[in-house]
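> take a look and give me a structure for this.
(4 chains)
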Protein chains: 4
Amino acid sequence: MLKTPTIVLNVKTYAEATAEKVIDIAKIMDKISEETGVSMAICVQATDIYRCVEEVSIPVWAEHIDPVKPGSHTGWTLPEAVKEAGATGTLINHSEHRLKLADIDACLSRARELSFDQIICTNNVATSKAAAALKPDFVAVEPPELIGGDISVTTADPDIVSNSVKAVQNIDSSVKVLCGAGVKNGKDVAKAIELGAEGVLLASGVVKAADKEKVVRDLASGI
Amino acid sequence: MLKTPTIVLNVKTYAEATAEKVIDIAKIMDKISEETGVSMAICVQATDIYRCVEEVSIPVWAEHIDPVKPGSHTGWTLPEAVKEAGATGTLINHSEHRLKLADIDACLSRARELSFDQIICTNNVATSKAAAALKPDFVAVEPPELIGGDISVTTADPDIVSNSVKAVQNIDSSVKVLCGAGVKNGKDVAKAIELGAEGVLLASGVVKAADKEKVVRDLASGI
Amino acid sequence: MLKTPTIVLNVKTYAEATAEKVIDIAKIMDKISEETGVSMAICVQATDIYRCVEEVSIPVWAEHIDPVKPGSHTGWTLPEAVKEAGATGTLINHSEHRLKLADIDACLSRARELSFDQIICTNNVATSKAAAALKPDFVAVEPPELIGGDISVTTADPDIVSNSVKAVQNIDSSVKVLCGAGVKNGKDVAKAIELGAEGVLLASGVVKAADKEKVVRDLASGI
Amino acid sequence: MLKTPTIVLNVKTYAEATAEKVIDIAKIMDKISEETGVSMAICVQATDIYRCVEEVSIPVWAEHIDPVKPGSHTGWTLPEAVKEAGATGTLINHSEHRLKLADIDACLSRARELSFDQIICTNNVATSKAAAALKPDFVAVEPPELIGGDISVTTADPDIVSNSVKAVQNIDSSVKVLCGAGVKNGKDVAKAIELGAEGVLLASGVVKAADKEKVVRDLASGI
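Prediction:
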């Protein structure tokens, strides 16, 4: 399983992180993870998993899998296809890709069958508890209204982080908590860990940065 | 809150339970609940709530609410509209109407604001735990493959009932468990209670019965 | 079929148009339609159809139907239930309740089986053409960005109305076109008709008005 | 644009067509297309587009694109990502991946922006007409009940093919029609063309075949 504390980057479908460009970002993370020893993973578009995996040593994950088995499911994201492309983990239920409860459970089962690391994303303390009851490796709490914004969740709403950590531990102490939304620098990462999280999930803070290497290095300094 | 042990009937969108016909079914339940003292509730189509409420004393519930507030939501089921029509509770996340995790949580919040009794429906032990973590009044576990079938969940898969009861109690002992799928007679009800459930959720067993009064009376005998 | 030119009001799930309040609005429309001879219809929440139908003579429609037949469809809107409650028509594919193409076709089939008048809502000229190819009674074009706004589509984007009229007529001249979004007064209605539409579909212009009777009377003056 | 008459293979998410295995299938099609001069295209999973494109000369398409632009859309299929991976066309609205009408239109716009060939899949004559009104390159009609079955649509329901061809031509004679569902051999292909289609869309007939080369060669013989 992904070593903690950790920094997980979700590149979404940003133009700045599609095809060759996401490989560049993955290489930066790979280099800095190697240099600093800080655990990092990158979640990329299904189209780009294979090529990223060829180029870097850090874990490359899917941004999403669909709760399907091999068969007649035109255009959906088959967990096996993601695995064969080289991914070793996946986000489930990201705020931009919400799933039905029964499908979160089904995705988690499929992920376990394929030995994927799993992060279930949640939007508040209540859903973090519910997600924890399903026993994924990680729950990542991200208040939707702060996603993509300028203020880190660790500053804007530190209680949601510490309360999610407590609530998740009450449900199942083996489930780790990450936090995300607005995370941009090493201070935010350090604060996340101080609040009890095992790391951060972030996106635009790196993907939209002019100097991505500088940002990744700064993030790593928070651990 | 709905008194337990209880028998909750979900009439779905069966022809046999639309308009005047659902009022007849509600009246049968009302009469037998009155006679036997057994707690009963009926979940009806949104179109039929008002008329049922006018005719019976047992609780009339919605089959579903959407996680919306008053505003621009053409054609969705506004919790306030259901409340004004006289409903006092609602199913959430029925197997035929699965919701995203964040929306189950939002429906539950809306239901609490309006003082609705709430049942979150689930499909297995894992999702029952997750639902319990949200702290609804009830979790109703129904294996989808047994819904509408001839064999009661209490016979076909008694472990899913007893394991859901244990799992839910471990998460939050204030959450009650119902079970459903294939429930048809008093024996099934008695077995459900023996397995630790606080009652049953059923549909076709009553709605499709030739002699509905006889079936409701038999179900009540199980409590 | 609904007489044209016509004014169709969709009350959505506004607080100002739920339960007793929507009956008041329906009565205003009923009175002014009677007085002026202008054709009007009101689309109301499923919960409120029965009570509106009891109180007024103008057509009461559903805001939405689901593409299902009587059976196991917990919490969905059964066309038969809406019909039994007294509705005589329905919106299909409203901008706030978009449907899959195959489901629009299925809703239309169900609506025809039950002799419902039907309006398929669309968002631009291309989808208006596609909807017309399915041969509903009406296509109502509403640019989503103008819905609920202060400027009528007939002022903000008159070309979308006249081009939809032309495009629909090229596909099937028996299909009538309505327009909507931001429609608020008699001038907007008159302009809609001048642009070739057979009437308007509106919501907040009436529902949110302090003096609803005055607004409905003004709208009617545009015909 | 894809030359016609043509054979389009959709490999879905079959185990037999994931990762290395889909490259093998693409190579067979590539070889036989080269040998026979018959136009062919292969629609593959997003994960596998890049690798297929590296290995073959026939067009490699996406099975699906989402109606999104570059940005915050975690886990959805960005048309630009598919394009950068080397795809030159896409299915839209496959029967296993139905879309809202407004989203079909939006996918088509995105596909045109990226110079993708496009096939809109439909389920009957009515939706074929509606799809044609949107003016894609191709409409592929596939009765859902025959998909994956043993009897070709050209045998089981030849009228749906010829009627779709006529209906589409009445709407827009520049739109070509394909047919699919149960297509397995050269005779089915020949019959499709005799019925007025410009080719076939198929899946299991090739993917599940023990001797895929033999099947592809037989299909090509029908043209």
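
> alpha carbons only for contacts and neighbour counts from here, please
OK.

> average pLDDT for whichever strand or helix holds A:Asp159?
For A:Asp159, the host element (DSSP states H and E) is helix A:158-171. In this model, helix A:158-171 has a mean pLDDT of 97.

> what comes up buried for that helix?
Judged by neighbour count (16 or more other CA atoms under 10 Å in any protein chain shown), helix A:158-171 contains these buried residues: A:158, A:160-169, A:171.

> with stretch A:216-223 instead?
A:216-220, A:222-223.

> rewinding a little: who are the packing partners of the helix holding A:Asp159?
With contacts taken as 3 or more CA pairs under 8 Å, 6 or more residues apart in numbering or on different chains; DSSP states H and E, helix A:158-171 sits against helix A:125-133, strand A:138-141, strand A:176-180.

> dump the ones you listed to TSV, plus distance to D:Asp66 and mean pLDDT.
Below are these laid out as TSV (distance: least, CA to CA, whole Å; pLDDT from 0 to 100):
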stretch	distance to D:Asp66	mean pLDDT
helix A:125-133	27	98
strand A:138-141	25	98
strand A:176-180	25	97
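
> mind pulling up the pLDDT for A:Ile42?
98.

> A strand includes it, no?
Yes: A:Ile42: assigned to a strand according to DSSP: H, G, I helix; E, B strand; the rest coil.

> that one against A:Pro59, yeah?
Yes: A:Ile42 lies in contact with A:Pro59 (CA atoms under 8 Å); the separation is 6.5 Å.

> tell me which of those two has more neighbours.
For A:Ile42 versus A:Pro59, neighbours defined as other CA atoms under 10 Å in any protein chain shown are more numerous around A:Ile42 (28 against 21).

> what sits against the more buried one?
Listed by CA atoms under 8 Å, 6 or more residues apart in numbering or on different chains, the contact set of A:Ile42 reads A:8-11, A:26, A:58-61.

> quick one: which of these sit in helices?
With helices defined by DSSP state H, the entries of the contacts of A:Ile42 inside them are A:Ala26.

> closest to D:Asp103 out of the contacts of A:Ile42?
Using CA to CA, A:Val11 is the member of the contacts of A:Ile42 that lies nearest D:Asp103, at 23.7 Å.

> name the SS class of A:Met29, please.
Here A:Met29 is recorded as helix under three-state DSSP.

> hang on, the earlier thing: near chain B, list only the ones from the contacts of A:Ile42.
When the contacts of A:Ile42 are checked against chain B using CA under 8 Å from any CA of the partner chain, none falls in range.

> can you put the contacts of A:Ile42 in JSON lines and add pLDDT?
Below are these laid out as JSON lines (pLDDT from 0 to 100):
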{"residue": "A:Val8", "pLDDT": "98"}
{"residue": "A:Leu9", "pLDDT": "98"}
{"residue": "A:Asn10", "pLDDT": "98"}
{"residue": "A:Val11", "pLDDT": "98"}
{"residue": "A:Ala26", "pLDDT": "98"}
{"residue": "A:Ile58", "pLDDT": "98"}
{"residue": "A:Pro59", "pLDDT": "98"}
{"residue": "A:Val60", "pLDDT": "98"}
{"residue": "A:Trp61", "pLDDT": "98"}
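
> so which of the contacts of A:Ile42 is the closest to B:Gly89?
B:Gly89 has its nearest neighbour among these in A:Asn10, at 39.9 Å by CA to CA.

> I'd say the closest one and A:Gly205 touch.
No: between A:Asn10 and A:Gly205 there is no contact under CA under 8 Å: 10.2 Å.

> counting neighbours, go ahead and name the busier of those two.
Taking other CA under 10 Å, A:Asn10 and A:Gly205 do not tie; A:Asn10 has more neighbours (26 against 23).

> can you tell me how far that one is from chain C?
Using CA to the nearest CA, to the nearest Å, A:Asn10 is found at 29 Å from chain C.

> ok so, going back, can you put the helices and strands packed on helix A:158-171 in CSV and add distance to C:Asp211?
Shown next, in CSV, are these (distance: least, CA to CA, whole Å):
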stretch, distance to C:Asp211
helix A:125-133, 43
strand A:138-141, 46
strand A:176-180, 47
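
> and those: which comes nearest chain C?
Minimum separation from chain C across the helices and strands packed on helix A:158-171 (CA to the nearest CA) falls at helix A:125-133, 23.3 Å.

> got the angle for the closest one vs helix B:158-171?
130 degrees (axes from the mean of the first three to the mean of the last three CA atoms, to 10 degrees).

> check which helices and strands helix A:125-133 is in contact with.
On a contact count with 3+ CA pairs under 8 Å, 6+ apart, helix A:125-133 meets strand A:117-122, strand A:138-141, helix A:158-171, helix B:101-113, helix B:125-133.
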